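Enquirer: Give the three-dimensional model of this entry:
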Amino acid sequence: MQKSIIIIIALIGILFSSCKSDDVNPNNTLIGNWKLVAILVDPGDGSGTFMPIESDKTITFKKNNIITSNGNLCDLSIDADNPTLGTYSFSEMTFNSADCTDPNYNYSFEQNGDTLIVYYPCIESCEAKYAKQ
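Expert: This next block holds a predicted model:
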């Protein structure tokens, strides 16, 4: 009888250890819409700060590693008049797009809670800040 109980407990333990807790997806908080709220362009002396802007530009991260925007993903533009799409890697925190001048360039990004920063290739620092919608 004790062996049966031990075997049942062991099987239950194996069952629970093999299950993922709701298939926790580390980029779950990245999925969704992000609105452009500020840009940073450093003048070359390291004194650049984010400046709030008015823009309708958004970025959307989809579950299938697709990223879309109602504006240009490839530059710091605040315009929402040039829809583009690409793919992203959450593990590498990068995206790229065939719509860019260099479709192989990996744009890096960083997420901290409800804030997303996209880094663009500039001589000095230039970044876009997005807020989760």
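
Enquirer: Can you show me the strands along this structure?
Expert: 32-41, 51-52, 58-61, 66-69, 84-89, 94-96, 107-112, 115-119, 126-132 (DSSP state E).

Enquirer: got those as CSV, with distance to S77 and mean pLDDT columns?
Expert: C-beta coordinates here come from the backbone N, C-alpha and C atoms, glycine included. CSV is the format used below for the strands of the chain (distance: least, CB to CB, whole Å; pLDDT from 0 to 100):
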stretch, distance to S77, mean pLDDT
strand 32-41, 9, 96
strand 51-52, 15, 96
strand 58-61, 12, 98
strand 66-69, 10, 98
strand 84-89, 10, 97
strand 94-96, 16, 98
strand 107-112, 13, 97
strand 115-119, 12, 98
strand 126-132, 9, 97
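
Enquirer: For my notes, please list the ones you listed in TSV and give mean neighbour count and distance to L76 for each entry.
Expert: TSV is the format used below for the strands of the chain (neighbours: other CB atoms under 10 Å; distance: least, CB to CB, whole Å):
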stretch	mean neighbour count	distance to L76
strand 32-41	18	6
strand 51-52	10	12
strand 58-61	19	13
strand 66-69	18	12
strand 84-89	17	13
strand 94-96	20	15
strand 107-112	16	11
strand 115-119	18	9
strand 126-132	19	5
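
Enquirer: Okay, and the beta partners of G86?
Expert: Assessed by DSSP bridges, G86 has beta-bridge partners I67.

Enquirer: Could you measure from it over to E54?
Expert: To E54, G86 is 25 Å away according to CB to CB, to the nearest Å.
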